[in-house]
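Novice: Attaching a predicted model along with its sequence, questions to come.
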Amino acid sequence: MISRFERFSTIIAAISRCWHKIAADAMEEYGLKGTFALYLVTISRFEEGITSTSLAEICCKDKSDVSRAISAMEEKGLIKRTSVNKNVYRALLTLTNDGKKVADQIKGLADIAVSRASAGISDADREIFYTAIERIAENLQNISESGLTEL
């Protein structure tokens, strides 16, 4: 019998692998990595701008990964940085017009992917799933920060 650990781990790994493939395919035409899709969509929610530190926290990504993504997307003309009080480290990131178009296209593709991925799942089951997976993520975050005290 498969243990809960093995089942959970392989399901999460399969979801992650598939998500990365879908995102990579969606971003290929823009010459960007798949992980950048999440950054574009997230930045689009903050019309007034968002700092790279906040972006990293919201997306649960390393600051170095976000920094490389910002540079690449800025080079492609999809985002711009606006310094705050002449401080580039607290610069606000916003989408350019081209960035907004790409983010909207990515959101559309994401909606299709999420809809197809959740085919056959009722709204009630989906709500239960998100509640459960958020609790699991929160618990794992706590464990990763404090360590396992009991084995």
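Specialist: The structure has been received and is ready for your questions.

Novice: Quick check: buried residues in stretch 19-35?
Specialist: For stretch 19-35, the neighbour count (16 or more other C-beta atoms under 10 Å) marks 19, 22, 23, 26, 27, 30, 32, 33, 34, 35 as buried. In short, each C-beta sits where N, CA and C put it, glycine included.

Novice: cool, stretch 52-61 as well?
Specialist: 52, 55, 56, 58, 59, 61.

Novice: avg pLDDT for it?
Specialist: Regarding stretch 52-61, the rounded mean pLDDT is 94.

Novice: same check, this time on stretch 36-44
Specialist: Averaged across stretch 36-44, the pLDDT comes to 96.

Novice: next one: stretch 129-144
Specialist: 93.

Novice: Off-centre distance for it?
Specialist: How far stretch 129-144 lies from its chain's middle: 16 Å, per C-alpha atoms, centre = their mean, to the nearest Å.

Novice: Also stretch 21-34?
Specialist: Averaging C-alpha positions (C-alpha atoms, centre = their mean) puts stretch 21-34 13 Å from its chain's average.

Novice: What lies in contact with that stretch?
Specialist: Here stretch 21-34 makes contact (C-beta atoms under 8 Å, 6 or more residues apart in numbering) with 20, 35-38, 69, 72-73, 76, 78, 102, 106, 109-110, 113.

Novice: so where do the helices sit in this structure?
Specialist: 4-28, 36-44, 52-59, 63-75, 97-117, 123-146 (DSSP state H).

Novice: so which of those comes closest to residue 83?
Specialist: Shortest separation from residue 83 across these is recorded for helix 52-59, at 12.2 Å, computed as C-beta to C-beta.

Novice: of the buried residues of stretch 19-35, closest to residue 133?
Specialist: Ranked by distance to residue 133 (C-beta to C-beta), the buried residues of stretch 19-35 are led by residue 19 at 13.6 Å.
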